[in-house]
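> have a look at this fold, sequence not included:
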Ligand SMILES: O=P(O)(O)OC[C@@H](O)[C@@H](O)c1c[nH]c2ccccc12
C-alpha cells in the first residue's frame, strides 16, 4: 500500500476531505522548510505537495515564481528538496508527501538516478505538470517500480483526454479549477461543476481540486464535490509575509504561528 491510498481511505471513512497545502522547498531556506512542514501537519494538513523550485515555472503565477526565485538564490537543488522530505520524516511528520517538480530538473538529474534517490525517502506521490500522458510511460513505470504514484493533472479544457488520463492515474486525479497559472482567485472556470462531475465519472480514484483556492468558503465549496483541496499560492504568500519573522530566531515561533493560523482557518 501507498501512504496516499491509506490517507484517502481513512479520510473517506471519516467523511472528510483532504487539505493539501503546497510549499516551495528552500523558501526561505531548507531548515525552515522542514519546520514549516511540521507546522502544516500540526495545523491539519492531510498531505503536502513539496515543490521543487525551478527557474522557468511556466504554470506558476507571481507568488510561486517569487518563492522559486528566493529558493534558487540559495541554489537549492532537486537533491536538497528530496532530503527535506527525509528530514521531515525524521522529525516525525507522518502525512504523505507528494513531490512537485517540472520535468526539466528530473531530466537533468537522470530518470534512473532520480527514482533511486526518491525510493525510501518518504515520498509517496509525484506531480510533473509539464509531462503529458503521451510522453510519461517511462516515468510512470519507474515511479510504479518504487511505489510512487504519478498523479496526473486534468483541466476543464481536457475534454475527452479526461478519460485517457484518468485511466492511467494513480493516487488521485488533480483537477485544475481554472485555466491560466496558479494564484488566488475570486472565482473559477464557468463549467467547474460539470468538469468535476466528468472527472468523478471517469475514475474510481479520489479527485482533488487546485488553483485559486485561498479561503475557508472556497474550501467548503469544493469539499462537496472533491476528496481533496489543494492550496498553494495563498500558503506560499503567508510564508513570504512571515519570512522577516522566520529569519529572526527570537520571532521564528511567531512566524510559524502565522502560517499555522492561516492553515487552521482553511481547515475550519
Ligand atoms: O497556487 P494555487 O492557485 O493555490 O494552485 C495550487 C498550486 O500552487 C500547486 O498545486 C502548484 C504549484 N505549481 C503548479 C504548477 C502547475 C499546477 C499546479 C501547481
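Okay, I see it. Computed from a prediction, not measured in an experiment: that's the story for all the values here.

> tell me the secondary structure at residue 245.
Secondary structure for residue 245, judged by DSSP: H, G, I helix; E, B strand; the rest coil, is helix.

> now the residue in the chain positioned nearest to the ligand: closest residue in space, sequence neighbours ignored.
The ligand sits closest to residue 232 of the chain, with a gap of 2.0 Å, by CB to the nearest ligand atom. For glycine as for every other residue, the C-beta is placed from the backbone atoms N, C-alpha and C. What sits nearest to residue 232 in space, not counting adjacent residues and going by CB to CB, 6 or more residues apart in numbering, is residue 22, at 3.5 Å.

> what's around residue 64, how many residues?
26 (other CB atoms under 10 Å).

> again, but for residue 231
26.

> what sits against it?
Listed by CB atoms under 8 Å, 6 or more residues apart in numbering, the contact partners of residue 231 are 19, 20, 21, 22, 210, 213, 214, 219, 266.

> ok so, going back, surely the residue of the chain closest to the ligand meets residue 65?
No - contact criterion CB atoms under 8 Å: residue 232 and residue 65 do not qualify, at 11.9 Å.

> looking at those two, which one has more neighbours?
residue 232 (28 against 22).

> now the more buried one, what are its backbone angles?
In this entry, residue 232 is assigned phi and psi values of phi -120, psi -80 (degrees, to the nearest 10).

> just the strands from the stretch 151-268 of the chain, written as ranges.
Along the stretch 151-268 of the chain, counting by DSSP state E, counting those that start in this stretch, strands occupy 153-154, 173-176, 207-210, 228-231.

> let's have those strands in TSV, adding mean pLDDT.
Formatted as TSV, those follow (pLDDT from 0 to 100):
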stretch	mean pLDDT
strand 153-154	97
strand 173-176	98
strand 207-210	98
strand 228-231	98
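
> okay if I get these as CSV plus distance to residue 166?
Shown next, in CSV, are the strands of the stretch 151-268 of the chain (distance: least, CB to CB, whole Å):
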stretch, distance to residue 166
strand 153-154, 7
strand 173-176, 6
strand 207-210, 9
strand 228-231, 15
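
> which strands or helices does the helix ranked longest in the chain pack on?
For the chain, the longest helix by residue count, based on DSSP state H, is helix 252-267. The helices and strands touching helix 252-267, judged by 3 or more CB pairs under 8 Å, 6 or more residues apart in numbering; DSSP states H and E, are strand 18-24, helix 30-43, helix 216-223, helix 233-246.

> report the inter-axis angle for it versus strand 18-24.
140 degrees (axes from the mean of the first three to the mean of the last three CA atoms, to 10 degrees).

> buried ones in helix 252-267, by neighbour count?
Using 16 or more other CB atoms under 10 Å as the test for burial, helix 252-267 gives 255, 256, 257, 259, 260, 262, 263, 266.

> which residues of the stretch 101-250 of the chain fall in helices?
103-109, 111-118, 137-145, 161-168, 192-202, 216-223, 233-246 (DSSP state H, counting those that start in this stretch).

> skipping adjacent residues, who's closest to residue 67 in space?
residue 24 (3.8 Å).

> I'd guessed that neighbour sits against residue 57; true?
No - between residue 24 and residue 57 there is no contact under CB under 8 Å: 9.2 Å.

> which residues of this protein lie near the ligand?
22, 49, 51, 59-60, 64, 100, 129, 182-183, 210-213, 230-234 (CB under 6 Å from any ligand atom).

> now the buried members of those.
Neighbour-count burial (16+ other CB under 10 Å) applied to these gives 22, 49, 51, 60, 64, 100, 129, 182-183, 210-213, 230-234.

> residue 112 and residue 142 touch, don't they?
Yes - using CB under 8 Å, residue 112 is in contact with residue 142, at 7.2 Å.

> more neighbours: the two, which one.
residue 142 (19 against 10).

> which residues touch that one?
111, 112, 115.

> could you dump these to a markdown table with pLDDT?
Output for the contacts of residue 142, formatted as a markdown table (pLDDT from 0 to 100):
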| residue | pLDDT |
| --- | --- |
| 111 | 97 |
| 112 | 96 |
| 115 | 97 |
